[in-house]
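1. sequence plus predicted model, see below.
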Amino acid sequence: MHKAAIGIIGASGYSGVEATHILAAHGQVELRLVTSDRWKGETVGRRLGIMGPLGQLRYAPLDQSAELARECEVVLLATPAESSLQLVPGLLEAGVRVIDLSGAFRLQDTAAYPAFYNFTHGSPALLAEAVYGLPELVSRERIARARLVSNPGCYATACALSVAPLLRAGLLDEGSLIFDAASGTTGAGRKGSEDMSFSEVDEDFRAYRVLRHQHTPEIAQTLAGVAGRQVPLTFTAHLLPLKRGILVTAYARLAKGATAAEARAALEKDYADCPFLSVESSADAVGLKAVVGTNRCTVGLAVDATGHDPGRVVVTAAIDNLVKGAAGQAVQNLNLMKGWEETLGLSTLRGFTP
Ligand SMILES: NC(=O)C1=CN([C@@H]2O[C@H](COP(=O)(O)OP(=O)(O)OC[C@H]3O[C@@H](n4cnc5c(N)ncnc54)[C@H](OP(=O)(O)O)[C@@H]3O)[C@@H](O)[C@H]2O)C=CC1
Ligand SMILES: CC(=O)N[C@@H](CCC(=O)OP(=O)(O)O)C(=O)O
């Protein structure tokens, strides 16, 4: 059977390793290229314990990525945004399709890059071409045809999925939305910093990059697309002393006349054909244990019934930042790009067991 040749650039990082494990068991792909400077020359088998032919594959140095990637049909870039920005034009020119896990091609407005990513974007044409790879909210047909898929940010995935159906159905008022989100430490990548050291993170819980987090414009862009209007919002990220998982709590208000039953029905209707989305019985039923290690996103809704705060809606959503928030979503996009079953390689991932 012909298998699609796939490469992972940045294969030693947390999301690159996650992607390697998922693709190792996928069945329709041959992982032809893995690159990393820190692991160059070593085998996938030695680093990740993967056996068989893939275990023999050696990590190539990052500076050979562009050249070696020409052998691949699709390449996953699990690199920092600045590296993705440099690599993507050459890869596309060589006829390689790209799924970029970084934020380099997520924002349509180039002006947002200096403020949120600390660089000036020099490829507006590619930004315009890139398809935002959130299959539950963006046309699957567009993803299937894309040369360049921009894989969403982890927080941005969970935040957008929490409220998008309510906005699309016009069930929320036009006031500001609030997203409180907390992530495990793998969200920050493998590269260490003092802030991320065990002594700093363990037994602590704090907000970070408040009012300047790079996922704020990304969430706003996605929700504007769904709602057909600008959606004012505040997003605050918090660091959890756990390795994996993101929990988002979204606060909104029902539009005049809208009901709790309509809100629940909107979530159930929009996510009915989404294999990885599950609408839980209540907002309290959403937690990290049920999603960590899987490509799922669970969503739960509560509407004030006490009369204390009439019209108040709270939606919770949970994902694994490395799976639905990164590598799993990238493979979901790869499946769509290749015309395969959307769940291929993702349906039997081993979730967290207490
Ligand atoms: N972690 C997460 O939960 C999520 C991450 N992302 C995005 O995905 C991308 C990868 O993230 P993650 O796996 O966490 O990152 P890591 O820091 O864990 O790994 C980065 C990878 O990129 C390689 N790399 C290439 N160029 C550079 C460079 N100039 N500086 C540092 N590393 C480089 C590294 O290779 P080596 O060191 O071996 O040379 C390594 O393999 C990032 O853009 C991130 O923003 C998106 C969603 C969620
Ligand atoms: C805990 C933690 O630090 N998480 C990261 C989110 C990772 C991500 O999705 O970042 P990109 O948008 O750069 O791809 C952060 O807050 O920046």
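-> Noted; the coordinates are in hand. Ligands and ions are numbered 1, 2, ... in the order given.
2. helix, strand or coil for the residue of the stretch 1-150 of the chain found nearest ligand 2?
-> Residue of the stretch 1-150 of the chain nearest ligand 2, by Cβ to the nearest ligand atom: residue 103 (3.9 Å). For glycine as for every other residue, the C-beta is placed from the backbone atoms N, C-alpha and C. For residue 103, the assignment made with DSSP: H, G, I helix; E, B strand; the rest coil gives coil.
3. ok, it touching residue 118?
-> No. Counting by Cβ atoms under 8 Å, residue 103 does not reach residue 118; the two are 10.9 Å apart.
4. which SS class is residue 66?
-> helix.
5. cool, residue 244 as well?
-> Assignment for residue 244 (three-state DSSP): coil.
6. so how many other residues sit close to the spatially closest residue to it that is not a sequence neighbour?
-> Nearest residue to residue 244, sequence neighbours excluded (Cβ to Cβ, 6 or more residues apart in numbering): residue 184, at 4.5 Å. Neighbour count for residue 184, taken as other Cβ atoms under 10 Å: 22.
7. correct me if wrong: residue 184 contacts residue 321.
-> Yes. When contacts are counted by Cβ under 8 Å, residue 184 is listed as touching residue 321 (6.4 Å).
8. name the residues contacting each of the two.
-> Taking Cβ atoms under 8 Å, 6 or more residues apart in numbering as the criterion, residue 184 and residue 321 both touch 244, 245, 246.
9. which one among these gets closest to ligand 2?
-> residue 246 (8.5 Å).
10. isn't the closest one up against residue 322?
-> No. Look at residue 246 against residue 322 with Cβ under 8 Å: they stay out of range, at 9.9 Å.
11. same drill for the two, tell me which one is more crowded.
-> residue 246 (29 against 26).
12. what sits against the more buried one?
-> 154-155, 158, 181-184, 187, 288, 318-321, 325.
13. near ligand 1, which residues of this structure show up?
-> 10-16, 36-39, 62, 78-81, 83, 101-102, 153-154, 186-187, 189-191, 321-322, 325-326 (Cβ under 6 Å from any ligand atom).
14. if you set the cut-off to 5 Å instead, what comes out?
-> Within the chain, the positions near ligand 1 by Cβ under 5 Å from any ligand atom are 10, 12-16, 36-38, 78-80, 83, 101-102, 154, 187, 189-191, 321, 325-326.
15. just the buried residues of these.
-> 10, 12-16, 36, 78-80, 83, 101-102, 154, 187, 321, 325-326 (16 or more other Cβ atoms under 10 Å).
16. circling back to that earlier point, measure the residue of the stretch 1-150 of the chain closest to ligand 2 to residue 34 for me?
-> 22 Å (Cβ to Cβ, to the nearest Å).
17. what does residue 112 give?
-> Plainly put, residue 112 is 32 Å away from residue 34 if you go by Cβ to Cβ.
18. which intervals of the stretch 251-354 of the chain have sub-threshold pLDDT?
-> For the stretch 251-354 of the chain, the stretches with pLDDT under 70 are 353-354.
19. strands of that one, start to end?
-> 277-279, 297-303, 312-319 (DSSP state E, counting those that start in this stretch).
20. output those as CSV; include the columns mean neighbour count.
-> As requested, those are exported to CSV (neighbours: other Cβ atoms under 10 Å):
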stretch, mean neighbour count
strand 277-279, 20
strand 297-303, 24
strand 312-319, 24
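21. and these as TSV, adding distance to residue 259?
-> Conversion of the strands of the stretch 251-354 of the chain to TSV gives the following (distance: least, Cβ to Cβ, whole Å):
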stretch	distance to residue 259
strand 277-279	16
strand 297-303	8
strand 312-319	11
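22. which one of the ones you listed lies closest to residue 122?
-> Among these, the nearest to residue 122 by Cβ to Cβ is strand 312-319 (31.6 Å).
23. about what we covered before: which one of the strands of the stretch 251-354 of the chain lies closest to ligand 2?
-> Ligand 2 lies closest to strand 312-319 among the strands of the stretch 251-354 of the chain, at 11.1 Å (Cβ to the nearest ligand atom).
24. kindly report the domain assignment for this protein.
-> For the chain, automatic domain parsing gives the domain ranges 4-129, 154-321.
25. want to try TSV for the ones you listed, with distance to residue 349 as columns?
-> Shown next, in TSV, are the domains of the chain (distance: least, Cβ to Cβ, whole Å):
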stretch	distance to residue 349
domain 4-129	7
domain 154-321	5
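26. still on that earlier bit, can you list residues touching both of residue 246 and residue 322?
-> With Cβ under 8 Å, 6+ apart as the test, residue 246 and residue 322 both reach residue 154.
27. if I look at the residue of the chain most remote from its centre, how far off is ligand 1?
-> The C-alpha centroid of the chain is most remote from residue 307, which lies 36.6 Å away (Cα atoms, centre = their mean). According to Cβ to the nearest ligand atom, to the nearest Å, residue 307 stands 40 Å off from ligand 1.
28. and for residue 118?
-> 13 Å.
29. cool, and residue 297?
-> Residue 297 is 14 Å from ligand 1, by Cβ to the nearest ligand atom.
30. look at the residue of the chain found nearest ligand 2 and give its secondary structure.
-> Proximity of the chain to ligand 2 (Cβ to the nearest ligand atom) peaks at residue 187, 2.9 Å away. Under three-state DSSP, residue 187 falls in the helix class.
31. if you count neighbours, what's buried in stretch 110-119?
-> Applying 16+ other Cβ under 10 Å to stretch 110-119 flags 112, 113, 116, 117 as buried.
32. now do stretch 133-149, average pLDDT.
-> Predicted confidence along stretch 133-149 averages 97 (mean pLDDT).
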